[in-house]
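A.B. asks: pasting the sequence and the predicted model now:
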Amino acid sequence: MEQKVPKIEKNMFKNVHQNGVQSIVVREFKPVDEEEVKRIFYEGLMEMIPDTAFRGLRHHPESLLLYAAMTVLCFVITMCWWVIALVPAVVLGCRYFYSMRVIHGYLKQAMSRDMRDIEGFYRKSSDSCLWVAVLEDKVVGLVAAVGQQRSSGAVELQRMSVDRRFRRCGVGVALGLKVLDFAAAHGYSTVVLGTTAYTPAAHHLYQRLGFRCVGVTNGYVTPGAGWSLMEKIFYKVRHHYYSLDVQNC
């Protein structure tokens with residue numbers, strides 16, 4: 001099934017090129033899409049490394065306080081002024097390293113689960129599906145829906161990722177609307193999602209689709225994360241939980 005997104009809908013879908021406005025096509029995953037889907041998924045996860053290590057730091061004052069205390073302690077022990085400049089650089093390096101390690105752990109889990117056999121995983125049940133967005137005959141994004149237990153009446157939006165070269169073209173909104181259509185067609189009352197992204201654009205996208213943040217977990221344990229003390233010191237994320245009432249769409 002293919003869903004052709006209108007060229008302009010409430011000013012959300014705009015992709016102006018020399019030859020005019022291009023249409024975004026959202027369709028179900030096909031085996032021929034696998035290489036591009038995995039590439040976009042991988043690149044999207046790799047963007048999370050600096051996002052978590054650097055941009056996320058200012059959202060965790062308790063970590064900033066801990067790093068400041070470490071700097072003061074190192075200065076007191078060594079009585080060297082250059083330590084004040086060296087410790088922050090070491091801290092940022094450690095944050096990058098442990099962010100990379102956790103994200104690669106998460107990637108490994110995903111590649112051993114649904115991303116190992118995309119078609120088999122998402123076609124085994126009518127309550128799950130993965131779609132791709134096609135623009136200019138290229139796969140430029142993906143999103144999945146996975147139904148939770150029927151008693152909860154919720155479907156989860158997962159794997160949202162857009163090729164960075166085609167962002168701000170309405171691709172993310174088109175993919176999100178496809179999940180909302182899926183939820184309505186299958187009788188779900190709620191669509192939920194979780195994200196650890198610190199990039200404002202990600203949160204703006206979900207808010208534009210009508211989602212509202214219903215909870216935040218500080219110190220969320222990312223799947224694939226370890227339990228070492230160093231990892232706990234240098235890797236910390238906030239998990240935002242979003243929900244949307246399908247009946248009010």
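C.D. replies: Great, that's in hand.

A.B. asks: I figured S161 hits K38, correct?
C.D. replies: No - assessed by CB atoms under 8 Å, S161 is found out of contact with K38, at 10.4 Å. C-beta: built from backbone N, CA, C; applies to glycine.

A.B. asks: what's the neighbour count on M46?
C.D. replies: Residues near M46, counting by other CB atoms under 10 Å, number 14.

A.B. asks: what mean pLDDT does the helix or strand hosting it have?
C.D. replies: For M46, the element it lies in under DSSP states H and E is helix 34-53. Per-residue pLDDT values over helix 34-53 give a mean of 95.

A.B. asks: cool, and stretch 89-108?
C.D. replies: Per-residue pLDDT values across stretch 89-108 average out to 93.

A.B. asks: report the next helix or strand after the host helix or strand of M100 in sequence order.
C.D. replies: Taking DSSP H and E as the criterion, M100 maps to helix 82-111. Next in sequence after helix 82-111, counting helices and strands by DSSP H and E, comes helix 118-123.

A.B. asks: isn't P88 up against T71?
C.D. replies: Yes - P88 is in contact with T71 according to CB under 8 Å; the separation is 6.8 Å.

A.B. asks: so these two - more neighbours on which side?
C.D. replies: With other CB under 10 Å as the criterion, P88 and T71 differ in neighbour count, and T71 comes out ahead with 18 against 14.

A.B. asks: which residues touch the closest residue to that one other than its chain neighbours?
C.D. replies: Distances taken as CB to CB, 6 or more residues apart in numbering place V87 nearest to T71, at 4.4 Å, with adjacent residues excluded. Taking CB atoms under 8 Å, 6 or more residues apart in numbering as the criterion, V87 is in contact with 67, 70-71, 74.
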